[in-house]
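[1] let's see this in three dimensions:
(one chain, ligands or ions: 1)
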Amino acid sequence: MSEQIPARAGEAIPTDPRDPTDPADPRDVPHMRRAIALAARGLGTTSPNPVVGCVVLDAAAAVAGEGFHAYAGGPHAEVVALREAGERAKGGTAYVTLEPCNHTGRTGPCAEALLDAGVARVVIAVADPNPMAAGGVERLRERGVQVDVGVLTEEAERVNAAWLTSVRARRPYVTWKFAATLDGRSAAEDGTSKWITSPEARADVHRLRAECDAIVAGIGTVLADDPLLTARTPEEEKPRERLPLRVVVDSGARTPAAARVLSGHAPTLVAVALDADVPPHLHDVVRLPRTPYGLDLHALLAELHRRQVVSVLVEGGPSLAGSFVREGLVDRVVGYLAPALLGAGSAALGPAGVATISEIHRLEIEDVTPIGPDLRVVLRPGGRQGSGGATASPRPAPSKEN
Ligand SMILES: NC(=O)c1ccc[n+]([C@@H]2O[C@H](COP(=O)([O-])OP(=O)(O)OC[C@H]3O[C@@H](n4cnc5c(N)ncnc54)[C@H](OP(=O)(O)O)[C@@H]3O)[C@@H](O)[C@H]2O)c1
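    Numbers count the residues shown, from 1 in each chain. Okay, here's the model as predicted:
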């Protein structure tokens, strides 16, 4: 999420003669974009809550306060922005990326905070699909506040994709990450793979890991590479209780006692088959049904959802990633492509349920960024000649508009 919007507290906003009640009013766009950029700052620390950003303008349309939800249990974005705005919020406008909540959880209802501050208009990007928290729009309107829903909805949904998927699909949002050569190889013919991508790309993977609640790998990867599967971020950025859960998909409970994935650096869950003989060194174990391709990944995600895991990073290897794709359980693909060729060796993705070209899984490129000498490509399901494919997008938001 870029931060190119120069809005700062006290900055005057240019006005134009358009009807200010039109949710598509172009004057709303920069403020909502700023609120979305603020929301993105909470990525990786708010789970199981959504990321939310808020910008408050005073009655003269100057920015008076900004805020974002920084961590679960901490103050909500609206409260932070209203605190900064103080008296200036009276008669002003609040831009919020997600419908203000109308219930008391760990903090009080944000709809009431906006009412108490005397805000005259609230602009919302995305209606809250969570029935427990929804109702903020009705509450504000009941009390005479003008509420407009639907400004930059798509952008705001993107930044909150993980949380929205978890609420709507009742499973975590799944990102499959891989590193490969330009010809799609993730290891050489003799199995060596360290390293295909640059230190810069590998550092970026740690950032990606830190944004997720769980990192998933198959037993093949654990036995071949003995990965630690932790997010190496500075301590102060992520307290231990926020470290991603490590998950090994291991039907036969073969994870060795000495495996680094069982180290004390972060918690580890091992998914095994219902009939597996579990050795005593595996402490946190979930038993799942078998399918023709291995363990039932829908059941795995249901268990992770039960544990309040909102976002999952699938790190491979190719067999497990292929199964996630085959099952339509991938919401985002992040590929690190090295400008290198191997010509032989294992492919980044294993069998994914494609027998013929008409079954191809097409994706849409969302972002391409050079990372050191490599390319990072971010893709989502869909794309032209969409296959009806293996990857799944969240269902559309329930419309609560006006
Ligand atoms: N370049 C990259 O980004 C990257 C990332 C990770 C790994 N790798 C490479 O991948 C290689 C290992 O590949 P791999 O395919 O053997 O390992 P994998 O995908 O990590 O693990 C596969 C194993 O997971 C278990 N499994 C359980 N349920 C499954 C399901 N539903 N679908 C698929 N597998 C399931 C199966 O073993 P059980 O039957 O025993 O449960 C299966 O053999 C290593 O050489 C590693 O270096 C590369």
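[2] show me where the stretch 1-150 of the chain has strands.
    53-57, 63-68, 93-98, 121-126, 146-149 (DSSP state E, counting those that start in this stretch).
[3] next secondary structure after the shortest one?
    Going down the chain from strand 146-149, the next helix or strand is helix 153-159, by DSSP states H and E.
[4] picking up where we left off before, kindly reformat the strands of the stretch 1-150 of the chain as CSV and extend each row with mean neighbour count and mean pLDDT.
    (Glycine included, C-beta is placed from N, CA and C.) Compiled in CSV, the strands of the stretch 1-150 of the chain are given as follows (neighbours: other Cβ atoms under 10 Å; pLDDT from 0 to 100):
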stretch, mean neighbour count, mean pLDDT
strand 53-57, 30, 97
strand 63-68, 24, 97
strand 93-98, 30, 97
strand 121-126, 26, 96
strand 146-149, 18, 96
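[5] columns distance to the ligand on top of the ones you listed, output as CSV?
    Output for these, formatted as CSV (distance: least, Cβ to the nearest ligand atom, whole Å):
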stretch, distance to the ligand
strand 53-57, 32
strand 63-68, 32
strand 93-98, 32
strand 121-126, 32
strand 146-149, 40
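[6] closest to Val278 out of the ones you listed?
    Nearest of these to Val278, taken as Cβ to Cβ: strand 93-98 at 41.2 Å.
[7] angle of the closest one against strand 53-57?
    170 degrees (axes from the mean of the first three to the mean of the last three Cα atoms, to 10 degrees).
[8] other residues contacting strand 93-98?
    Residues outside strand 93-98 that contact it (Cβ atoms under 8 Å, 6 or more residues apart in numbering) are 28, 31-32, 34-36, 39, 50-57, 61, 77-78, 81-82, 110, 114, 119-126, 128, 151, 156, 159-160.
[9] spell out which residues of the protein are next to the ligand.
    For the chain, the residues in contact with the ligand (Cβ under 6 Å from any ligand atom) are 178-180, 186-187, 191, 193, 217-221, 224-225, 249-252, 254, 293-295, 297, 315-320, 323, 348, 350.
[10] contact partners for Pro373?
    By Cβ under 8 Å, 6+ apart, the contact set of Pro373 is Ser198, Glu200, Ala338, Pro339.
[11] tabulate those (JSON lines), appending secondary structure, neighbour count and pLDDT.
    JSON lines is the format used below for the contacts of Pro373 (DSSP: H, G, I helix; E, B strand; the rest coil; neighbours: other Cβ atoms under 10 Å; pLDDT from 0 to 100):
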{"residue": "Ser198", "secondary structure": "coil", "neighbour count": "17", "pLDDT": "97"}
{"residue": "Glu200", "secondary structure": "helix", "neighbour count": "14", "pLDDT": "96"}
{"residue": "Ala338", "secondary structure": "strand", "neighbour count": "20", "pLDDT": "98"}
{"residue": "Pro339", "secondary structure": "coil", "neighbour count": "11", "pLDDT": "98"}
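[12] so which of those residues is the closest to His103?
    Distances from His103 to those, taken by Cβ to Cβ, are shortest for Glu200, at 43.5 Å.
[13] so the closest one touches Gly372, yeah?
    Yes. With contact defined as Cβ atoms under 8 Å, Glu200 counts as touching Gly372 (3.0 Å).
[14] which residue does the stretch 1-150 of the chain bring closest to the ligand?
    Gly44 (20.7 Å; Cβ to the nearest ligand atom).
[15] and that residue, how many residues sit next to it?
    For Gly44, the count of nearby residues is 24 (other Cβ atoms under 10 Å).
[16] just to revisit the earlier point, among the contacts of Pro373, which pair sits farthest apart?
    Glu200 and Pro339 (13.0 Å).
[17] show me the helices in the stretch 201-350 of the chain, by range?
    219-225, 297-306, 318-326 (DSSP state H, counting those that start in this stretch).
[18] what number of residues lie near the closest residue to Val272 other than its chain neighbours?
    Closest residue to Val272 apart from its sequence neighbours, by Cβ to Cβ, 6 or more residues apart in numbering: Ala253 at 4.5 Å. Using other Cβ under 10 Å, Ala253 has 19 neighbouring residues.
[19] list the contacts of Ala253.
    Counted by Cβ under 8 Å, 6+ apart, Ala253 has contacts Val270, Val272, Ala276, Asp277, Val278, Pro279, Leu282, Val285.
[20] report pLDDT for the residue of the stretch 51-200 of the chain found nearest the ligand.
    Of all residues in the stretch 51-200 of the chain, Ser186 sits closest to the ligand, at 3.0 Å by Cβ to the nearest ligand atom. Predicted confidence (pLDDT) at Ser186: the value is 94.
[21] assess the claim that it and Ala348 are in contact.
    Yes. The criterion here is Cβ under 8 Å, and Ser186 meets it with Ala348 at 4.4 Å.
[22] between those two, which one's more packed in?
    A side-by-side neighbour count of Ser186 and Ala348, using other Cβ under 10 Å, places Ala348 first with 24 against 21.
[23] relative to Ala257, how far out is that one?
    Distance, Ala348 to Ala257, using Cβ to Cβ, to the nearest Å: 30 Å.
[24] so what's the residue count around the nearest residue to Glu315 once chain neighbours are set aside?
    Distances taken as Cβ to Cβ, 6+ apart place Ala217 nearest to Glu315, at 4.9 Å, with adjacent residues excluded. Ala217: 23 surrounding residues under other Cβ under 10 Å.
[25] in the sheet, who's paired with Ala217?
    For Ala217, the beta-bridge partners under DSSP bridges are Val248, Gly316.
[26] who's in contact with it?
    Here Ala217 is in contact with Pro227, Leu229, Arg246, Val247, Val248, Val249, Val261, Val314, Glu315, Gly316, Gly317, Leu320 (criterion: Cβ under 8 Å, 6+ apart).
[27] on the three-state scheme, the closest residue in space to Ala344 that isn't next to it in sequence is what?
    The shortest distance from Ala344 to any non-neighbouring residue, by Cβ to Cβ, 6+ apart, is to Glu189 (4.3 Å). Three-state call for Glu189 (DSSP: H, G, I helix; E, B strand; the rest coil): coil.
[28] so who does Glu189 touch?
    So Glu189 contacts Leu342, Ala344, Gly345 (Cβ under 8 Å, 6+ apart).
[29] would you list the buried entries among these?
    Applying 16 or more other Cβ atoms under 10 Å to the contacts of Glu189, the neighbour count classes Leu342, Gly345 as buried.
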